[in-house]
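> based on what follows, work out the 3D shape:
(one chain, ligands or ions: 5)
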Amino acid sequence: MRNLRNLLPFIWLSTLASATAIPRWQFIQNGTTGVLALEAIVVSPTLAVIFDRATNDPLLVDGHTAWGALWDFETNTASPLNLVTDTFCASGGLLSNGTMVSVGGNIPAISIAEDGRMGLRLFEPCASPSGVGCTVVDDPATLHLETTRWYPSSLRIFDGSLMVVGGIHEDTPFYNTDPVNSFEFFPSKDGGVPRPSDFLARTVPVNLFPRVFALPDGKVFMVANNQSIIYDIEAQTETPLPDIPNGVRVTNPFDGSAALLPLSPPDYIPEVLVCGGSNSSDQIPSDQLSSQDVASDQCSRLVLTPEGIAQGWQVEHLLEPRIMPELILLPNGQILVTNGGMTGYAAISSVSDPIGNSNADHPVFTPSLYTPDAPLGSRISNRGMPTTSIARMYHSTASLTPMGNIFIAGSNPNPDVVNGTEFHTEFRVEYLNPPFMFVERPTISNVPSMIGFNTRLTVDVTIPFSLGAETIQVALMDLGFSSHAFHSSQRLVFMDAELSPDRKSLTILTPPNNRVFPPGPAFIFLTVDDVTSTGAHVIVGNGLPPPVADQGIPF
Ligand SMILES: *[C@@H]1O[C@H](CO)[C@@H](O)[C@H](O)[C@H]1NC(C)=O
Ligand SMILES: *[C@@H]1O[C@H](CO)[C@@H](O)[C@H](O)[C@H]1NC(C)=O
Ligand SMILES: *[C@@H]1O[C@H](CO)[C@@H](O)[C@H](O)[C@H]1NC(C)=O
Ligand SMILES: *[C@@H]1O[C@H](CO)[C@@H](O)[C@H](O)[C@H]1NC(C)=O
Ligand SMILES: *[C@@H]1O[C@H](CO)[C@@H](O)[C@H](O)[C@H]1NC(C)=O
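Numbers count the residues shown, from 1 in each chain. Ligands and ions are numbered 1, 2, ... in the order given. From the prediction side, this is the model:
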């Protein structure tokens, strides 16, 4: 070896240097949430809001237990939010004017909280990096939903409002036995009368947290149980689409996850991906189901054009079965598959053989990457992905952060905060860091805080010398609201961009209109040769309160 080193000093040294410097994906644990991160949403470049139920979380506010908190990405600490109503198993999203709205909830188990089932809680845009002075306004007497909804989904639509979908009225042991088979909006439409849905009625009892997406023409795709539709908000019609193949059911309590694949100019052809869940019958009483029933490894993909729908769902398989996976869009267009277990179901203490209280078992500790453009059969890989030792089972969350890494938190398949069991309440936060977190990254700056549709804008960039700039990707992203293995409103729209010859400025063409990207907050990420910048925070559209008028041009 010494001879070789003497003979080939430069080769040896450079090989050694690159071998030790090859950056890899890494899990890094840092901080604890104090309030179980059952729901999570990024609300500013430095902050996420997390919600639990009103229970016995250790973080205190005003002398009592807190069930909401602000997570600070800079300090990796949580500070409590003082809520009024119970946010258990709720949803939420961001409006066209930047306000975050938390939607729905539960009847509290402790007297400190009020009934949250009609909850509408507002977190106004927060300019303080650490959240000083920012709080949730939760006043059920003056602001509430039209009907009670536990386990609803919500979605920002083309006019910047939230569409609220489905749920249960009351407590239910496992299946949706007391369904809210309707849609409503915030701010409300139709004089506040919810719209009944045949689709929701058809998909009981496995239709909680329907997976719903805003399509680039303003319509909404929905999947619940093993069925899917397109809902036309303006015409108020439901168009049934093919069932998910092979009896696979993908909504709570058989949670798979779903994502709208990245949309690209000039055609923005929508395509959805649905992964995991269970192929069990939805007619089996829960006490005859087992925590050891193998979950589904199926991913199903459907192109939402007449031709794509005629062709039907295309099936492929994850590396392992997954109940309660999370699908997270990454700025380079890949999708991270993380969290969940290989067997069982969502929910708590309902199967014949729960593990402690958990209906699911065999946590998956290694994430996978899904590459949408790769050929069928070679899209899914976990090569080079790290393995964690922290189980992320029922009531866990994950989100892309403004820094470009992935925040993973929560897990609590228990009715309250418990410690000492295998699947205890999990307060530890992990970041899953992509390799680019360990190298010199491009930057994007001088981005206007509000950007219009169909607009060309020039921003400043820096691109490290080490990058050839073979591929430039500019992603406009809604990071979504994470609850129950689904990211409401998560979205990635690629924007055409041209780099100046001196590599110091980038001219970007924004999406054509408010249907391609529903107006509201977003982050712009620049990825150069697979190395991603931190995100620039913007409001897309005119920033007015919903409902906003159509903006931009048809495409
Ligand atoms: C955890 O985060 C804090 C605040 O950002 C930082 O100072 C510290 O170095 C981090 N610790 C680890 C182990 O990464
Ligand atoms: C979807 O589920 C229903 C009800 O269980 C069943 O009748 C139908 O065959 C399923 N569809 C497919 C494609 O498996
Ligand atoms: C579910 O899928 C597994 C594996 O493909 C199969 O063995 C099983 O029969 C299926 N169960 C049902 C109820 O279709
Ligand atoms: C749970 O118990 C473990 C082992 O005793 C302890 O290290 C940990 O701090 C406890 N966690 C909480 C949140 O109390
Ligand atoms: C945004 O709009 C909502 C709905 O009208 C309103 O409740 C909220 O206060 C508005 N926030 C701001 C910052 O304008």
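> when you work out contacts or count neighbours from here on, use the C-alpha atoms and nothing else.
OK.
> how about the residues of this structure near ligand 3?
Proximity of the chain to ligand 3 (CA under 6 Å from any ligand atom) is limited to residues Asn279, Ser280, Ser281.
> looking at these, which has the most residues close by?
Within the residues of the chain next to ligand 3, neighbour counts (other CA atoms under 10 Å) peak at Asn279, which reaches 21 neighbours.
> surely Ile107 is in contact with Arg117?
Yes - judged on CA atoms under 8 Å, Ile107 makes contact with Arg117 at a distance of 6.6 Å.
> ok, now which ones touch whichever residue of the stretch 401-550 of the chain sits closest to ligand 1?
Ligand 1 sits closest to Tyr431 of the stretch 401-550 of the chain, with a gap of 9.3 Å, by CA to the nearest ligand atom. By CA atoms under 8 Å, 6 or more residues apart in numbering, the contact set of Tyr431 is Gln26, Phe27, Ile28, Gln29, Asn30, Asn405, Ile406, Phe407, Ile408.
> do the same with Val43
Applying CA under 8 Å, 6+ apart, we find Val43 in contact with Val49, Met100, Pro125, Cys126.
> which of those sits closest to ligand 3?
Scanning the contacts of Val43 for proximity to ligand 3, where the rule is CA to the nearest ligand atom, the winner is Val49, at 37.5 Å.
> got TSV for the residues of the chain next to ligand 3, with secondary structure and pLDDT too?
Formatted as TSV, those follow (DSSP: H, G, I helix; E, B strand; the rest coil; pLDDT from 0 to 100):
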residue	secondary structure	pLDDT
Asn279	coil	98
Ser280	coil	98
Ser281	coil	98
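> on that earlier part again, which one of the contacts of Val43 has the most neighbours?
Of those, with other CA under 10 Å as the count, Val49 tops at 26 neighbours.
> okay, it: pLDDT?
At Val49, the model reports a pLDDT of 98.
> ok, for Leu479, nearest residue in space, not its chain neighbours?
Of all residues not flanking Leu479 in the chain, Gln490 sits nearest, at 5.1 Å (CA to CA, 6 or more residues apart in numbering).
> try Leu145
Nearest one to Leu145, counting by CA to CA, 6+ apart, is Met118 at 4.7 Å.
> can you select the buried ones among the contacts of Tyr431 for me in PyMOL?
PyMOL command restricting these to the buried ones, with burial defined by 16 or more other CA atoms under 10 Å:
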select buried, resi 26+27+29+405+406+407+408
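> ok, and of the contacts of Tyr431, which contact ligand 1?
Asn30.
> redo the contacts of Tyr431 as JSON lines? Include pLDDT and distance to Asp530.
Formatted as JSON lines, the contacts of Tyr431 follow (pLDDT from 0 to 100; distance: CA to CA, whole Å):
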{"residue": "Gln26", "pLDDT": "98", "distance to Asp530": "16"}
{"residue": "Phe27", "pLDDT": "98", "distance to Asp530": "19"}
{"residue": "Ile28", "pLDDT": "98", "distance to Asp530": "21"}
{"residue": "Gln29", "pLDDT": "98", "distance to Asp530": "24"}
{"residue": "Asn30", "pLDDT": "98", "distance to Asp530": "25"}
{"residue": "Asn405", "pLDDT": "98", "distance to Asp530": "13"}
{"residue": "Ile406", "pLDDT": "98", "distance to Asp530": "16"}
{"residue": "Phe407", "pLDDT": "98", "distance to Asp530": "20"}
{"residue": "Ile408", "pLDDT": "98", "distance to Asp530": "22"}
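> which one of the contacts of Tyr431 is nearest ligand 2?
Looking across those and measuring by CA to the nearest ligand atom, the closest to ligand 2 is Ile408, at 32.2 Å.
> show residues contacting the helix or strand containing the closest one.
Assigned by DSSP states H and E, Ile408 belongs to strand 406-410. With contacts defined as CA under 8 Å, 6+ apart, strand 406-410 is touched by 33, 36-38, 392, 395-401, 425-433.
> that one: partners in the sheet, and parallel or antiparallel?
Applying DSSP bridges, strand 406-410 is found paired with strand 396-400 (antiparallel), strand 428-433 (antiparallel).
> excluding its backbone neighbours, what's nearest the residue of the stretch 301-450 of the chain found nearest ligand 2?
Minimum separation of the stretch 301-450 of the chain from ligand 2 (CA to the nearest ligand atom) falls at Trp313, amounting to 10.0 Å. Distances taken as CA to CA, 6+ apart put Leu302 closest to Trp313, at 4.8 Å, once the chain neighbours are dropped.
> any idea how far Pro262 is from the residue nearest to Leu479?
Distance, Gln490 to Pro262, using CA to CA, to the nearest Å: 10 Å.
> find residues that contact each of those two.
Joint contacts of Gln490 and Pro262 (CA under 8 Å, 6+ apart) are Leu329.
> which parts of the protein sit against ligand 1?
Residues of the chain lying near ligand 1 (CA under 6 Å from any ligand atom): Asn30, Glu74, Thr75, Asn76.
> can we see that at 5 Å?
Contact residues (CA under 5 Å from any ligand atom) of the chain with ligand 1: Asn30, Glu74, Thr75.
> closest one of the residues you listed to ligand 1?
Nearest to ligand 1 out of the residues of the chain next to ligand 1 is Thr75 (CA to the nearest ligand atom; 3.9 Å).
> how many residues are close by the residue nearest to Leu479?
25.
> who's more crowded, Ile107 and Arg117?
Arg117 (31 against 23).
> confidence score at the more buried one?
If you check Arg117, the pLDDT there is 98.
> which neighbours do Ile107 and Arg117 share?
Common contacts of Ile107 and Arg117, defined by CA under 8 Å, 6+ apart, comprise Asp86.
> residue contacts, Phe365?
Asn339, Thr387, Thr388, Ser389, Ile390, Ala391.
> I figured the third one hits Thr366, correct?
Yes - because the distance of 6.6 Å satisfies CA under 8 Å, Thr388 is recorded as touching Thr366.
> who in the stretch 151-300 of the chain is up against ligand 2?
Asp243, Pro245, Asn246, Gly247.
> would you confirm that the second one contacts Trp313?
Same thing as Pro245. Yes - counting by CA under 8 Å, Pro245 does reach Trp313; the two are 7.1 Å apart.
> pull up the overlap in contacts between those two.
By CA under 8 Å, 6+ apart, the residues touching both Pro245 and Trp313 are Ser300.
> quick one: pLDDT of the residue of the stretch 301-450 of the chain closest to ligand 2?
Looking at Trp313, the pLDDT reads 98.
> what secondary structure does Glu307 sit in?
The three-state assignment at Glu307 reads helix, by DSSP: H, G, I helix; E, B strand; the rest coil.
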